[in-house]
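Student: sequence and predicted model, in that order:
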Amino acid sequence: MRLEPIAAPSWQRRLIPPAAAILATFVIAALLAQIAGGNPFSIFGLILSGALGSKFAILETLNRATPLIFTGLAVAVAFRAKLWNIGAEAQLYAGAVVTVVLGTGALALPAPLLLPLLALAAMVAGAGLLLGPALLKTRLGVDEVVTTLLFNFIFLLFVSYLLEGPLKDPMGMGWPKSPRLNPEARLPRVVDGLRLHWGFALALISAVAIWLINTRTTLGYEMRAVGQNAEAAQFAGIPVTKVILKTALLSGGLAGLAGYSEVAGLKGALTLDLSPGFGYTGIVVAMLALLHPIGVVFAALFVAAIFVGADSMSRAAGVPSYLADIMLASALLLMVLAILLSKFRLRRD
Amino acid sequence: MTTPSMAQRAANGPVLRLKEITKRFGPVTANEDVSFDLFPGEVIALLGENGAGKTTLMNILFGQYTADAGEVELFGATLPPGAPRAALDGGVGMVHQHFTLADNLTVWENITLGVEPLFQMRLNSSAARARIRSLSERFHLKVDPNAKVGRLTVGERQRVEILKALYRDARILILDEPTAVLTPQESDALFATLREAIGQGLSVIFISHKLHEVMAISDRVLVLRHGRLVAERRTAQTSRDELASLMVGADVKPARFAPNAAGPALLQLQGVSTPDNGAAPRLRNVTLDLAAGQITGLAGVSGNGQAALSDLISGLITTQSGQIRIHGREIGAWSPRKAVDAGIARIPEDRHKTGTIADFDLTENAILETYSTRFARRGWLDWRAARQFAKDLIATYDVRCPGPDTRIRLLSGGNMQKLILGRVLELAPDIILANQPVRGLDIGAVTYVHEQLAKARARGAAVLLISEDLDEIMQLSDVIHVISEGRLSPGFPRGSQQPEDLGAWMAGHGFDTMTAEGPHAP
């Protein structure tokens, strides 16, 4: 058996393997559910109804998808330029910290001014956090995988310090938790009385904006050129270092928006469990989406639905919700295989 | 050359037989109805333009591709299609144009990799090394079995590839453009090896488009054109001229251009030295004028500072000392962008790595240097104009391809080079840097590139032609400089020097008698 490259894959060739990967994911999950003592069909039913079965469930899924769209975009933008940003988790927290610092009274402005300003500040914070590793990469050739990954741990400890010290809520009865945002700093809900906030809309707008940047602007062209062949890009006069730094700012900024949207839209305050690994799951989302910004939206919805659905399934059927993690992991691995199969043909000797 | 007589051959029968091979890639037919036999102790040359289907045919034989029709017979047995192992085990060894060696392993490890199981490989390493030593002596393939491949020169790596095939008891050697990467001396050594191999009964398929090599080494020549076998000649009964015209389908006249009056110097280097980066030689106190309406040829043995000069003019590196003037004005900050903006057309040495982005389509590659200046408004790209530009280039410069949306990796080298030429020449540049512009191209494409350079010269551009092919330099240049160890010789007007004189400069003679301020005639 060996792989033979396909010069120009047809659309079937590009669509069928990913679809088969999703299907195989469900088969694996069904087997595991069976082993765990549940009925696979009822478990999928429970996951489905838990994720999409009611207005409440759908809103919960959309809320869960929101930060994943942001971090998924952050990763997709960076990976396309071969900037391996594994630090979306830290950049998300940077955005959240800045939102809390400025939104708890430091800036006394009306909501229509304050909200965009906070979003901008969160982006700057996230971007700033990735700028360091990007500069280390362009100036000294330090591998950004290592720096961004390790920075996640450093930054989470820093947040922990903030929540025990300077940012600790005096009324929090000793919990490591920041004070609540002022009402003007909260993202309003899309419809009164429903739990969905405008962060979701902002995520969709960001996805479209990134798609436009990728396909229509010189920056998008430059980012792709640098990602595909930096040597040729350099020779042609594309300022490679500048493009890498711009990519880093954009990527970090998007991850920072995830933190902003979570704090200002959903939680209202900063805690250490603000993100259950949204930054890392963003990598899965981006890969499932084949780094396509619109694909990121759908991949994030898919991933969110599995998480939300598995939580509710676990309560109802007693099968551990870790099933969701396994499903995601197998979806990712199978998707990588599917990408391979959409570009190569398997030949039997 | 010792070759068995025809009678002997007929008695032995062919070792390899290709029968009516046809292969299509989508709408493109790469091979159509190709049949030939290879006899023991015979060297067949497979001759053809880029994209004529030579490499595809060999890939089918070697099992990398599966033919749509036809079959391959090896020592009388039909090979299962699409099985590289079968051809390998059957005694076919292929030395690809681009080597398939692991840099971090030693020579003997590379050679035994995949032949012996890993554990045995370690246990029998001394036996393996002894066998490699004896093979390398027998076939004049000098290389140290214990050296790391990453440290070897290109010529040595090729020897390792050949040893790899011999180690596997190959009876048939396929060499794909083996001399494209070699110095003349290395090529001669390779030919000695091949003669030794056929003397011992091996058969060789030699893929090339260098006619003098084909004439020197082969017994028979097969000419491929547009995927079809259009001619078969016994080497002794043909000539370079005939082969050249068979290859391109017309009589090729060497490009020769009438003298042209030199205009003002458009690009001037004065006492330029470049920083020492440890690897490639740097420029040392180089003074060079590129005059309008002239082709300035830079001759020299590869690796004597050509790369530094080319990188400098391309904007990739800056000077350590000395001045660069463009249109008489000294340049300030220097970068590839500045070079493009200054009107320098740059044809890079490596079209695959520096000239194009393989997975970009033709449109995206066509605007690589001008996307921000010609096809963008306030950061937004005008794809419609870009696509039209690519279409125009495809039409004007005869780029053979399915269309502007084709990924450039699917094009042959010649068509890729035509796109690069078009991309830079469309801007009507004053100064043209052509670094090895015809390396690896077929005669048709070579002629085309040379004509384009001549056209640019005729309209008053200053052309710097860097080439390791002295014939090319002497045929095209109005002025010839020789570069050796980063030093530049005086400019010799066309016809003033014999090849031997230039050869002496290439070998490093004459530089010491030049005056201190630079190579203006002593």
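Tutor: Sure, I can see it.

Student: so which bits of stretch B:208-227 are buried?
Tutor: For stretch B:208-227, burial by neighbour count (16 or more other Cβ atoms under 10 Å in any protein chain shown) applies to B:208-211, B:213-215, B:217-227. For glycine as for every other residue, the C-beta is placed from the backbone atoms N, C-alpha and C.

Student: any idea how far apart the tips of it sit?
Tutor: End-to-end distance for stretch B:208-227: 15 Å, by Cα to Cα, to the nearest Å.

Student: then stretch B:343-360?
Tutor: End-to-end for stretch B:343-360, by Cα to Cα: 24 Å.

Student: cool, stretch B:42-52 as well?
Tutor: End-to-end distance of stretch B:42-52 (Cα to Cα): 23 Å.

Student: again, but for stretch B:44-56
Tutor: 16 Å.

Student: quick one: mean pLDDT over it.
Tutor: Model confidence over stretch B:44-56 averages 79 on the pLDDT scale.

Student: is chain A within reach of that stretch?
Tutor: No. Using Cβ under 8 Å from any Cβ of the partner chain, stretch B:44-56 never reaches chain A; the gap is at least 11.8 Å.

Student: give me the subset of the buried residues of stretch B:208-227 touching chain A.
Tutor: Okay, of the buried residues of stretch B:208-227, nothing touches chain A (Cβ under 8 Å from any Cβ).

Student: is chain B contacted by stretch A:75-85?
Tutor: No. On the criterion Cβ under 8 Å from any Cβ, stretch A:75-85 is out of touch with chain B, staying 12.0 Å away.

Student: can you mark which positions in that stretch are buried?
Tutor: By 16+ other Cβ under 10 Å, the buried positions in stretch A:75-85 come out as A:75-85.

Student: can I get that stretch in CSV, CA atoms only?
Tutor: C-alpha atoms of stretch A:75-85 as CSV (Å, rounded to 0.1, in the frame of the first residue of the first chain):
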residue,chain,number,x,y,z
VAL,A,75,-5.6,29.4,15.1
ALA,A,76,-6.7,29.2,11.5
VAL,A,77,-5.3,32.6,10.7
ALA,A,78,-2.0,31.8,12.3
PHE,A,79,-1.6,28.3,10.9
ARG,A,80,-2.3,29.4,7.4
ALA,A,81,0.8,31.6,7.6
LYS,A,82,2.6,28.7,9.3
LEU,A,83,2.8,30.6,12.5
TRP,A,84,2.1,27.8,15.0
ASN,A,85,0.2,29.7,17.7
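
Student: how close does the one residue in the stretch 401-522 of chain B that gets nearest to chain A sit to residue B:242?
Tutor: For the stretch 401-522 of chain B, the residue closest to chain A is residue B:410, as judged by Cβ to the nearest Cβ, at 5.7 Å. With distances taken as Cβ to Cβ, to the nearest Å, residue B:410 is found 32 Å from residue B:242.

Student: how about the residues of the stretch 201-350 of chain B near chain A?
Tutor: Residues of the stretch 201-350 of chain B lying near chain A (Cβ under 8 Å from any Cβ): B:314-316, B:335-337, B:339-340, B:346, B:348.

Student: return the subset of those lying in strands.
Tutor: residue B:346 (DSSP state E).

Student: next, format the residues of the stretch 201-350 of chain B next to chain A as a markdown table and append neighbour count and pLDDT.
Tutor: Listed next are those as a markdown table, based on neighbours: other Cβ atoms under 10 Å in any protein chain shown; pLDDT from 0 to 100:
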| residue | neighbour count | pLDDT |
| --- | --- | --- |
| B:314 | 24 | 95 |
| B:315 | 23 | 94 |
| B:316 | 20 | 93 |
| B:335 | 16 | 94 |
| B:336 | 22 | 94 |
| B:337 | 17 | 94 |
| B:339 | 24 | 94 |
| B:340 | 24 | 93 |
| B:346 | 27 | 95 |
| B:348 | 24 | 93 |
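
Student: what's the spacing between the closest residue to residue B:160 other than its chain neighbours and residue B:132?
Tutor: Distance criterion Cβ to Cβ, 6 or more residues apart in numbering or on different chains; nearest residue to residue B:160, sequence neighbours excluded, is residue B:107 at 5.4 Å. Residue B:107 sits 7 Å away from residue B:132, going by Cβ to Cβ.

Student: mind listing the shared neighbours of the two?
Tutor: B:145, B:163 (Cβ atoms under 8 Å, 6 or more residues apart in numbering or on different chains).

Student: who in chain A is up against chain B?
Tutor: Counting by Cβ under 8 Å from any Cβ, chain A sits next to chain B at A:2, A:4, A:7-8, A:216-221, A:224-225, A:228-229, A:231-239, A:347, A:349.

Student: quick check: end-to-end length of stretch B:399-408?
Tutor: Start-to-end span of stretch B:399-408 (Cα to Cα) is 11 Å.

Student: could you list the buried residues of that stretch?
Tutor: B:399, B:401, B:404, B:406-408.

Student: can you put these in a markdown table and add secondary structure?
Tutor: What follows is those, written out as a markdown table (DSSP: H, G, I helix; E, B strand; the rest coil):
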| residue | secondary structure |
| --- | --- |
| B:399 | coil |
| B:401 | coil |
| B:404 | coil |
| B:406 | coil |
| B:407 | strand |
| B:408 | helix |
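
Student: farthest pair in those?
Tutor: Greatest spacing in the buried residues of stretch B:399-408, by Cβ to Cβ: B:399 and B:407 (13.5 Å).

Student: ok, residue A:125 - contacts?
Tutor: Taking Cβ under 8 Å, 6+ apart, one finds A:91, A:94-95, A:97-98, A:256, A:259 in contact with residue A:125.

Student: ditto for residue B:463
Tutor: Applying Cβ under 8 Å, 6+ apart to residue B:463 gives the contacts B:290, B:294-296, B:432, B:434, B:453, B:456-457.

Student: do residue B:344 as well
Tutor: For residue B:344, the contacting residues are B:267, B:313-315, B:326, B:429-433, by Cβ under 8 Å, 6+ apart.

Student: mind checking which of these land in strands?
Tutor: The strands, defined by DSSP E, take in B:267, B:326, B:431-433 from the contacts of residue B:344.

Student: are any of the residues you listed buried, and if so which?
Tutor: B:267, B:326, B:431-433.

Student: burial count for the closest residue to residue A:234 other than its chain neighbours?
Tutor: Of all residues not flanking residue A:234 in the chain, residue A:240 sits nearest, at 4.9 Å (Cβ to Cβ, 6+ apart). Neighbour count for residue A:240, taken as other Cβ atoms under 10 Å in any protein chain shown: 20.

Student: now swap in residue B:33 and tell me
Tutor: 14.

Student: and it, what pLDDT?
Tutor: pLDDT, residue B:33: 91.

Student: tell me which element it is part of?
Tutor: Per DSSP states H and E, residue B:33 falls inside strand B:28-38.

Student: check contacts around the residue nearest to residue A:234.
Tutor: Applying Cβ under 8 Å, 6+ apart to residue A:240 gives the contacts A:226, A:230, A:233-234.

Student: I'd say the residue nearest to residue B:160 and residue B:142 touch.
Tutor: No. Assessed by Cβ atoms under 8 Å, residue B:107 is found out of contact with residue B:142, at 11.3 Å.

Student: neighbour count for these two, which is higher?
Tutor: Neighbours around residue B:107 and residue B:142, counted as other Cβ under 10 Å, are more numerous at residue B:107. The numbers are 26 against 12.

Student: what sits against that one?
Tutor: Under the criterion of Cβ under 8 Å, 6+ apart, the contact list for residue B:107 reads B:132, B:143-149, B:152, B:160, B:163.

Student: and the residue in the stretch 101-250 of chain B positioned nearest to chain A, how many neighbours does it have?
Tutor: In the stretch 101-250 of chain B, the residue that lies nearest chain A is residue B:114 (13.1 Å; Cβ to the nearest Cβ). When neighbours are defined as other Cβ under 10 Å, residue B:114 has 13 of them.
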